[in-house]
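Colleague: could you look at this predicted model? Sequence included:
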Amino acid sequence: MEFSEGLAIVGNGEQPYTKYGVIDKTGSFIISPKFDYIGNFSEGLAQIKLDDKYGFIDKTGKIVIQPQFDKVWSFRERLASVKVGSEWEVIDMTGNYIIKPQFSDLDCFNEGLAVVQVGGKYGFITNPITK
């Protein structure tokens, strides 16, 4: 994948890759290939997948938010949208819930707002930590 925050995600072996790791701009592994998926770094954290659950790692490969979610979006504005079961909610960078499950769809925050879906209708919510 392309470089993001000075790091790139790489897969081991041939496609389809079985495990993913992270290299720096010299091509050295920073995180050895051990995850089922790694997303690009955003705000110092990257999405990871292990055993069909998603969580987040820091740039050293340390799991900072345990894989426990069914789907996740990258951190933006210090918050990430995460899906548990059929509902989306919002967590902060330590994994604390900021907005409880209540949305059938929820996008990333951008410029203080995120698109949400409730009961087939769309709207916006404001970022509660940057109001």
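Modeller: Good, I have the coordinates.
Colleague: pop the domain breakdown of the protein in here.
Modeller: Residue ranges of the domains in the chain are recorded as 1-67, 70-131, according to automatic domain parsing.
Colleague: quick one: the shortest one to chain centroid distance?
Modeller: Centroid displacement of domain 70-131 relative to its chain, using CA atoms, centre = their mean, to the nearest Å, is 12 Å.
Colleague: thinking again about what came up before, got CSV for the domains of the chain, with mean neighbour count too?
Modeller: Bear in mind the C-beta positions are built from the backbone N, C-alpha and C, glycine included. Shown next, in CSV, are these (neighbours: other CB atoms under 10 Å):
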stretch, mean neighbour count
domain 1-67, 16
domain 70-131, 16
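Colleague: now tabulate those domains in JSON lines and tack on mean pLDDT.
Modeller: As requested, the domains of the chain are exported to JSON lines (pLDDT from 0 to 100):
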{"stretch": "domain 1-67", "mean pLDDT": "93"}
{"stretch": "domain 70-131", "mean pLDDT": "93"}
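Colleague: so where do the strands sit in this structure?
Modeller: For the chain, the strands defined by DSSP state E cover 8-11, 20-23, 29-35, 37-38, 46-50, 53-57, 63-69, 71-72, 79-84, 87-92, 97-103, 105-106, 113-118, 121-126.
Colleague: sheet partners, orientation included, of the first one?
Modeller: So the one you mean is strand 8-11. strand 20-23 (antiparallel) (DSSP bridges).
Colleague: nice, that's everything, thank you.
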